[in-house]
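Engineer: predicted model, plus sequence, below.
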Amino acid sequence: MRRVLMSCAVACLFAPLVGASEPGRWLNLTVHAPHDRTEVTIHVPLALVGPVVDAINVRGCQAGMLKLGHRHTWRHPIAWGAALSELKRAHDGETLVARHDDERVMLRRNAGTVEIEISREAEAEDAVHMRIPAALLDSLALDDHDNLDLKALLAEVTRLGAGELLVATSPDTAVRIWVE
C-alpha cells in the first residue's frame, strides 16, 4: 500500500506538467458518506491516470491489469468472462438477474446506460444502485485469467469525453465519478 501511495504522490507532483497536454480534461471522484463523516473529492488531470495505473504494482493489480477473481475482492466466485459476455449481448430494456444464496444482482440496459442493483433479500432497503455508460461496459476486456485491462478501459474513458462514468448510491453512501 505504501508503494501505491508513494507512486500517487510522485505522480501528483507532476500533474501540472502532464495535465498541460490535455487542458480541461479532468477525472473527478466524490464520495459522500455522512454516517461516518467521510467526504472525499479527487480532481486530477485525465492524462495523469494512465501513468498512475502503470505505476500500481500490488497483489491483484499489476501492469495495468486488475485481477477480478482476486480472493479478497468478492464474497463468492464469479465467472466474469461469461457474465460480461452475456451482458454485452443484452438488448436495450433487457434485464439480467443473478442470484447466489440471499444475494441478488440485477443488470439492466437502458438508453445507453447500464443500471446495476445489488441487494440481499433480508436487507432490500440497503441495496446498492449503480449506473455506468453502456459503451464503457462494452469496452471492458478480460483475458483468460479474469484480468481486467485497465488501459483499454482508460482509452474508452478518454474516447467518451466529458460525462458521468459511475454513479453509485446506497442508503448511507454516494459515489460519483465523471470526466469534465
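Structural biologist: Noted; the coordinates are in hand.
Engineer: tell me where the chain has strands.
Structural biologist: 26-33, 38-45, 57-58, 61-62, 65-67, 95-100, 103-110, 113-120, 128-133, 147-149, 163-170, 173-179 (DSSP state E).
Engineer: mean neighbour count added to those strands, as TSV?
Structural biologist: In short, each C-beta sits where N, CA and C put it, glycine included. What follows is these, written out as TSV (neighbours: other C-beta atoms under 10 Å):
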stretch	mean neighbour count
strand 26-33	16
strand 38-45	13
strand 57-58	11
strand 61-62	15
strand 65-67	18
strand 95-100	12
strand 103-110	16
strand 113-120	17
strand 128-133	16
strand 147-149	19
strand 163-170	16
strand 173-179	16
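Engineer: tell me, how many neighbours does Ser85 end up with?
Structural biologist: 11 (other C-beta atoms under 10 Å).
Engineer: what about it, distance to Leu96?
Structural biologist: 11 Å (C-beta to C-beta, to the nearest Å).
Engineer: equivalent analysis for Ala55, please.
Structural biologist: For Ala55 relative to Leu96 (C-beta to C-beta), the value is 35 Å.
Engineer: do Val105 as well
Structural biologist: 8 Å.
Engineer: same question for Leu46.
Structural biologist: Relative to Leu96, and taking C-beta to C-beta, Leu46 is found at 31 Å.
Engineer: isn't Val157 right up against Gly163?
Structural biologist: No. The criterion here is C-beta atoms under 8 Å, and Val157 misses it with Gly163 at 9.7 Å.
Engineer: what do the two both touch?
Structural biologist: Shared contacts of Val157 and Gly163 (C-beta atoms under 8 Å, 6 or more residues apart in numbering): Val179.
Engineer: just give the nearest non-adjacent residue to Leu46, would you?
Structural biologist: Arg25 (4.2 Å; C-beta to C-beta, 6 or more residues apart in numbering).
Engineer: on that earlier part again, and the strands of the chain, which one is worst for confidence?
Structural biologist: Here these differ in mean pLDDT, and the lowest is strand 95-100 at a mean of 81.
Engineer: neighbouring strands - and their directions - for it?
Structural biologist: Paired neighbours of strand 95-100 in the sheet (DSSP bridges): strand 103-110 (antiparallel).
Engineer: quick one: the strand it pairs with to chain centroid distance?
Structural biologist: 16 Å (C-alpha atoms, centre = their mean, to the nearest Å).
Engineer: cool, stretch 98-118 as well?
Structural biologist: The answer for stretch 98-118 is 15 Å, by C-alpha atoms, centre = their mean.
Engineer: likewise for stretch 112-120?
Structural biologist: For stretch 112-120, the distance to the chain centre is 13 Å (C-alpha atoms, centre = their mean).
Engineer: picking up where we left off before, can I get the strands of the chain in a markdown table with distance to Gly81?
Structural biologist: Below are the strands of the chain laid out as a markdown table (distance: least, C-beta to C-beta, whole Å):
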| stretch | distance to Gly81 |
| --- | --- |
| strand 26-33 | 27 |
| strand 38-45 | 31 |
| strand 57-58 | 23 |
| strand 61-62 | 18 |
| strand 65-67 | 13 |
| strand 95-100 | 14 |
| strand 103-110 | 15 |
| strand 113-120 | 17 |
| strand 128-133 | 19 |
| strand 147-149 | 11 |
| strand 163-170 | 22 |
| strand 173-179 | 24 |
